[in-house]
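J.: Just a sequence and a predicted model for now, questions to come.
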Amino acid sequence: MSTTNIERKVVILGSGPAGLTAAIYASRAELSPLVIDGPQPGGQLTITTDVENYPGFADGIMGPALMEQFREQAVRFGTEIINVWIDKVDLSQRPFTLYGKDSEDADEITTIVKADTLIISTGASAKWLGIPGEAPVPEGLGGNGVSACATCDGFFFRGKPIVVVGGGDTAMEEALFLTRFASKVSLVHRRHEFRASKIMQERVLAHEKIDVLWNTELKDIQGSKEAGVESVTLFNNETNETSNFPTQGVFIAIGHKPNTELFKGVLDMDDVGYLITEGKTMKTNIEGVFACGDAQDSYYRQAVTAAGTGCMAAIDAERFLAEHHVPNAAKNTPTNW
Ligand code: NDP
């Protein structure tokens, strides 16, 4: 099989709000950036429904539609987007080298990308509880009644009782969305108060189809390949009681972890895996490599803040190229973008 070789001044890894905003800025600076789509093109917003807090959309907008607009805007100014699975990166010298395969499971490297600057916007993925029942079929019931994405899978639970685990905004959003399909939603949370924003909590607590099981931990999931989920084991950490709770679906909504495995041991990251950037900038510990969005931000984690840091990473990359006299780095200076 032949290998495709690509060279770019700016390569952006990931195509959520951070990556595509970086692409809009870098392409408007005539840097012809290359965006490499991750396994979830468009990022986490493509698996959400209504986005009510992205400025500029007074009536809200659906997550996938918002990301389509980001994408169109980036392409309009000259961004190229490719879909390959990056298997390995070499950041030991510039230009950096990224090795891509056609898919995660493929054996062969089919694309080699050389980058003068690299912007990492690989986002974050859903976390799991780590119990056996969550594992994908056939080991567990993952994908067969157990899910981490209500938008993707909610439809399959029409008229069925569902359990949602978590106490943050994601859990509130998932629980509310699932009321459209489920006969009843039981929200299982390990503490006696939610972490979620007040407005989301209020909507959940007021919803007639949602029951909250406080101080409760989901310990196990029962069911079969044929029947899917049949029940869960719950543990009340206040009364120390364990019970069997009948349900037909389980949605895990306990937060996310950054997708930064590829850079372990190479780029500075915190204990959880969030990439560390320098001061007010998006610079990582390797010159010419920048990080933004949910791969870098452990604190705000909003679409609009991800977009903001994507813009900052593109400006940092442009300045870096100009300082390092990369030919035709940019026609514009950051101030007149
Ligand atoms: P959070 O980290 O905010 O919340 C995670 C929740 O899951 C917490 O309630 C936590 O419990 C619980 N949890 C974590 N680990 C476990 C575990 N092992 N077992 C049981 N429960 C567990 O993550 P979210 O994804 O909810 O939100 C992340 C960010 O994204 C936030 O800033 C949020 O505001 C934002 N967001 C905003 C939305 C919006 O504005 N519409 C929608 C979705 C997310 P505990 O509270 O006890 O720690």
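T.: Here it is on my side, so go on. For clarity, every value in this text was computed on a predicted model and none was experimentally measured.
J.: For the stretch 201-337 of the chain, which residues are neighbours of the ligand?
T.: 254-256, 301 (C-beta under 6 Å from any ligand atom). Quick note: C-beta positions are derived from backbone N, CA and C, even for glycine.
J.: Need these in CSV (columns: secondary structure, pLDDT and neighbour count).
T.: Shown next, in CSV, are these (DSSP: H, G, I helix; E, B strand; the rest coil; pLDDT from 0 to 100; neighbours: other C-beta atoms under 10 Å):
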residue, secondary structure, pLDDT, neighbour count
254, coil, 96, 19
255, coil, 90, 16
256, strand, 89, 19
301, coil, 84, 18
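J.: ok, now which ones touch residue 273?
T.: Residue 273 makes contacts with 257-258, 260-261, 264, as judged by C-beta atoms under 8 Å, 6 or more residues apart in numbering.
J.: cool, residue 236 as well?
T.: Neighbours of residue 236 in contact, by C-beta under 8 Å, 6+ apart: 215-216, 242-243.
J.: repeat that with 7 Å
T.: Residue 236 makes contact with 215-216, according to C-beta atoms under 7 Å, 6 or more residues apart in numbering.
J.: And residue 12, by the same measure?
T.: 19, 22-23, 33-35, 119, 121.
J.: Reformat these as JSON lines; add distance to the ligand.
T.: Formatted as JSON lines, the contacts of residue 12 follow (distance: C-beta to the nearest ligand atom, whole Å):
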{"residue": "19", "distance to the ligand": "18"}
{"residue": "22", "distance to the ligand": "20"}
{"residue": "23", "distance to the ligand": "23"}
{"residue": "33", "distance to the ligand": "27"}
{"residue": "34", "distance to the ligand": "28"}
{"residue": "35", "distance to the ligand": "23"}
{"residue": "119", "distance to the ligand": "22"}
{"residue": "121", "distance to the ligand": "16"}
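J.: Give me the subset of those lying in helices.
T.: Assigned to helices by DSSP state H, the following of the contacts of residue 12 qualify: 19, 22-23.
J.: for the stretch 151-300 of the chain, what spans make up the helices?
T.: 169-178, 198-206 (DSSP state H, counting those that start in this stretch).
J.: Output those helices as CSV; include the columns mean neighbour count and mean pLDDT.
T.: Shown next, in CSV, are those (neighbours: other C-beta atoms under 10 Å; pLDDT from 0 to 100):
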stretch, mean neighbour count, mean pLDDT
helix 169-178, 24, 95
helix 198-206, 14, 98
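J.: one step back: of the contacts of residue 273, closest to the ligand?
T.: Of all the contacts of residue 273, the ligand sits closest to residue 257, with 10.3 Å by C-beta to the nearest ligand atom.
J.: Any chance of the helices of the stretch 151-300 of the chain in TSV with distance to residue 113 as columns?
T.: Formatted as TSV, the helices of the stretch 151-300 of the chain follow (distance: least, C-beta to C-beta, whole Å):
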stretch	distance to residue 113
helix 169-178	33
helix 198-206	40
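J.: Save the contacts of residue 273 as CSV, and put in pLDDT and neighbour count too.
T.: Output for those, formatted as CSV (pLDDT from 0 to 100; neighbours: other C-beta atoms under 10 Å):
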residue, pLDDT, neighbour count
257, 93, 16
258, 97, 25
260, 97, 23
261, 96, 9
264, 97, 9
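J.: Of the residues you listed, which belong to strands?
T.: 257-258 (DSSP state E).
J.: and residue 134, what does it touch?
T.: Residue 134 neighbours (C-beta under 7 Å, 6+ apart): 128, 140, 142, 146, 221, 252.
J.: Can you give me the buried ones in stretch 289-308?
T.: 289-298, 301, 303, 305-308 (16 or more other C-beta atoms under 10 Å).
J.: Now do the contacts for the closest residue to the ligand within the stretch 101-250 of the chain.
T.: Of all residues in the stretch 101-250 of the chain, residue 168 sits closest to the ligand, with a separation of 2.3 Å (C-beta to the nearest ligand atom). By C-beta under 7 Å, 6+ apart, the contact set of residue 168 is 195-196, 255.
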